[in-house]
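Asker: what shape does this take:
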Amino acid sequence: FGFISFPSGPYPLQFKFKEYTRAVSASKTLNESHKTAEAKMSNDNQEDVPVLDMDTLKKKVNLCEHPVVAHKMTQLRRKETSSKHFRELMTEMTEYLGYRATADLETKPLEVETPVATFSGCEIATKVALVPIMRSGLGMVDAMLDVLPNAPVYHIGMYRNKESLVPVLYYNKLPAVCNVERTIVLEPMIATAGTIIATCDILEEWGAKEIHVVA
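Answerer: Sure, this is the predicted structure:
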């Protein structure tokens, strides 16, 4: 478990999801669409794509090595763990990661009245949206809303084609115009990272300037 920060701009991964979706929509059949998309991606991969060096990559990837989280991860991965306990562990770990992933949010001054005096505090100034990747990311939403109760939730639905292994978009609830300063993508597991890359590409095209992934 950890979180990844992406700046605005080309990602250091050779994948053009928007070109894939355009190829799908332009083709007559599902089989044709995947063949067309794969050919397009093959051509795209020949282009010069910026790649991050390891030192820069380490600054962007924040691996959580807290002993309590490691303990909970072990319990979560046990085959004997019940569905109920699995959900509880997922919630606990997501909430902890949520605090770490939002540690650099900007704040603005706020004065409030306590029972005895005025207190000079602060409130979150950065506008943040949560973007769970359906369906697995839905299990992380409630915990993140405990951390950011006022954050809007915009769902993205993806599945991976069994033959081509290319992510396919089937649901997108992003508003027409980007209205936040940071998006936090929620996905509990990273395998090939194809789905996360595709989601980041969609968010970039939407206009997101700062993308974080909690996984």
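Asker: what stretches of this protein score poorly on pLDDT?
Answerer: 1-54, 56-58 (pLDDT under 70).
Asker: tell me the centre residue of it?
Answerer: Nearest to the geometric centre of the chain sits residue 185, at 1.8 Å (CA atoms, centre = their mean).
Asker: now the longest helix anywhere in the chain: buried residues?
Answerer: In the chain, assigned by DSSP state H, the helix with the most residues is helix 83-101. Across helix 83-101, burial judged by 16 or more other CB atoms under 10 Å covers 89-91, 93-98, 100-101. In short, each C-beta sits where N, CA and C put it, glycine included.
Asker: likewise stretch 102-109?
Answerer: For stretch 102-109, using 16+ other CB under 10 Å, the buried residues are residue 102.
Asker: what are the contacting residues of the strand or helix carrying residue 143?
Answerer: For residue 143, the element it lies in under DSSP states H and E is helix 141-147. Contacts to helix 141-147, defined as CB atoms under 8 Å, 6 or more residues apart in numbering, come from residues 90-92, 94-95, 98-99, 102, 130, 132, 151, 153, 184, 186, 214.
Asker: residue contacts, the closest residue to residue 148 other than its chain neighbours?
Answerer: Spatially, and ignoring its direct neighbours in sequence, residue 148 is nearest to residue 128 (5.7 Å; CB to CB, 6 or more residues apart in numbering). Listed by CB under 8 Å, 6+ apart, the contact set of residue 128 reads 102, 105, 148, 151, 180-184.
Asker: what's the answer for residue 153, then?
Answerer: 129-132, 141, 145.
Asker: I would like a ChimeraX command selecting only the buried ones among these, please.
Answerer: Of these, the buried ones can be selected in ChimeraX as follows, counting by 16+ other CB under 10 Å:
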select :129,130,131,132,141
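Asker: switch the contacts of residue 153 over to JSON lines; also include distance to residue 80.
Answerer: Shown next, in JSON lines, are the contacts of residue 153 (distance: CB to CB, whole Å):
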{"residue": "129", "distance to residue 80": "37"}
{"residue": "130", "distance to residue 80": "31"}
{"residue": "131", "distance to residue 80": "32"}
{"residue": "132", "distance to residue 80": "27"}
{"residue": "141", "distance to residue 80": "26"}
{"residue": "145", "distance to residue 80": "30"}
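Asker: and the two most separated of the contacts of residue 153?
Answerer: Greatest spatial distance in these: 131 and 145, 12.9 Å, computed using CB to CB.
Asker: what residues are up against the closest residue in space to residue 89 that isn't next to it in sequence?
Answerer: Nearest residue to residue 89 in three dimensions, chain neighbours excluded: residue 76, at 4.4 Å (CB to CB, 6+ apart). Listed by CB under 8 Å, 6+ apart, the contact set of residue 76 reads 86, 89-90, 93.
Asker: now residue 76: phi and psi?
Answerer: Main-chain torsions, residue 76, degrees, to the nearest 10: phi -60, psi -40.
Asker: ditto for the one 5 residues further on
Answerer: Note on residue 81: its backbone torsions stand at phi -60, psi 130 [degrees, to the nearest 10].
Asker: and it, how many neighbours does it have?
Answerer: For residue 81, the count of nearby residues is 14 (other CB atoms under 10 Å).
Asker: wait, it touches residue 87, no?
Answerer: No - using CB atoms under 8 Å, residue 81 makes no contact with residue 87, being 10.0 Å away.
Asker: against residue 194, how distant is residue 164?
Answerer: The gap separating residue 164 from residue 194 is 10 Å, by CB to CB, to the nearest Å.
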